[in-house]
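*Asks:* Whatever this is, show me its structure:
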Amino acid sequence: MARRRMAIKRLDPWSVLKFGAVANLVLLAVFLLVMGVVWFIVDRLELVEQACEIALEVGFASCAVSASGLFQALLLLGLLWAVVQTAVLVFLAFLHNLIADLTGGIVLGVVDDTPLRTEPGSNRVAQAAASGPGSGPISRPPSPPRADVSTTQPQQRPATANGPALEASRVPDPSVPSRSDGDELFAER
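*Replies:* Predicted coordinates:
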């Protein structure tokens, strides 16, 4: 288990705009669905008719509630709310970027539970998260055999009229270990 500190130094305003717009539209759809269920229950219990009877007895001249008018008003207010909320989120992303330039961003503590892998020749031991009894360090699977680079001879190019023969430009260097197909490109060091 490795503990790391990561800092959020910049939020991309375009990605905040896209995420905020989609999230707000989804929330609007959920809100309208919930209001539809609530209206269905209120209509079945005839609460609107009872409230209108009370209003007429008190002295109101008329009382009526239209479901289509109510949902049109809710939809318009919800769309207005989604646009304003998305604009506020983009503004907050710009504000975060300005403040992060001054303070260095928001620092997060992250725990990585993936086992550490060792590179050949290093002194570090592979560690694994203890997931139960009998779980020990995870060892690296054996690598496929590598070609012996010390026996590779450089290829000669034929001599030209302009100069002597040139050696091939890509000759494997025996002091630099080559990666096999099983190694990861971004391994822990």
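
*Asks:* Going by neighbour count, which residues of stretch 21-34 are buried?
*Replies:* For stretch 21-34, the neighbour count (16 or more other CB atoms under 10 Å) marks Ala21, Asn24, Leu28, Phe31 as buried. For the C-beta atoms, the positions are set from N, CA and C on the backbone; glycine is no exception.

*Asks:* Do a quick rundown of the helices in the chain.
*Replies:* Counting by DSSP state H, the chain has helices at residues 13-44, 47-58, 67-103.

*Asks:* about what we covered before: state the pair within the buried residues of stretch 21-34 that is farthest apart.
*Replies:* By the measure CB to CB, Ala21 and Phe31 form the most distant pair in the buried residues of stretch 21-34, at 15.6 Å.

*Asks:* Tell me where the model's unsure across the chain.
*Replies:* Flagging of the chain using pLDDT under 70 yields the residue ranges 116-189.

*Asks:* at 90 instead, please
*Replies:* Within the chain, the segments meeting pLDDT under 90 span 1-9, 43, 46-67, 104-189.

*Asks:* before we move on, back to that, from the buried residues of stretch 21-34, which single one is nearest Gln85?
*Replies:* Taking CB to CB as the measure, Gln85 lies nearest Asn24 of the buried residues of stretch 21-34, at 5.1 Å.

*Asks:* For the closest one, which non-adjacent residue is spatially closest?
*Replies:* Ala82 (3.8 Å; CB to CB, 6 or more residues apart in numbering).

*Asks:* for His96, same thing?
*Replies:* Excluding the flanking residues, the one nearest His96 by CB to CB, 6+ apart is Leu11, at 5.3 Å.

*Asks:* What is the neighbour count of the one you found?
*Replies:* Residues contacting Leu11 under the criterion other CB atoms under 10 Å number 19.

*Asks:* which ones are touching it?
*Replies:* Taking CB atoms under 8 Å, 6 or more residues apart in numbering, we find Leu11 in contact with Ala93, His96, Asn97.

*Asks:* Need those residues in TSV (columns: neighbour count and distance to Gly69).
*Replies:* As requested, those are exported to TSV (neighbours: other CB atoms under 10 Å; distance: CB to CB, whole Å):
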residue	neighbour count	distance to Gly69
Ala93	19	37
His96	18	41
Asn97	15	43
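
*Asks:* Looking at those, spot the one nearest Leu77.
*Replies:* For the contacts of Leu11, the residue nearest Leu77 by CB to CB is Ala93; the value is 24.8 Å.

*Asks:* I'd say that closest one and Pro13 touch.
*Replies:* Yes - using CB atoms under 8 Å, Ala93 is in contact with Pro13, at 4.8 Å.

*Asks:* ok so, going back, my guess is the residue nearest to Asn24 contacts Ala23. True?
*Replies:* No - using CB under 8 Å, Ala82 is not in contact with Ala23; the gap is 9.0 Å.
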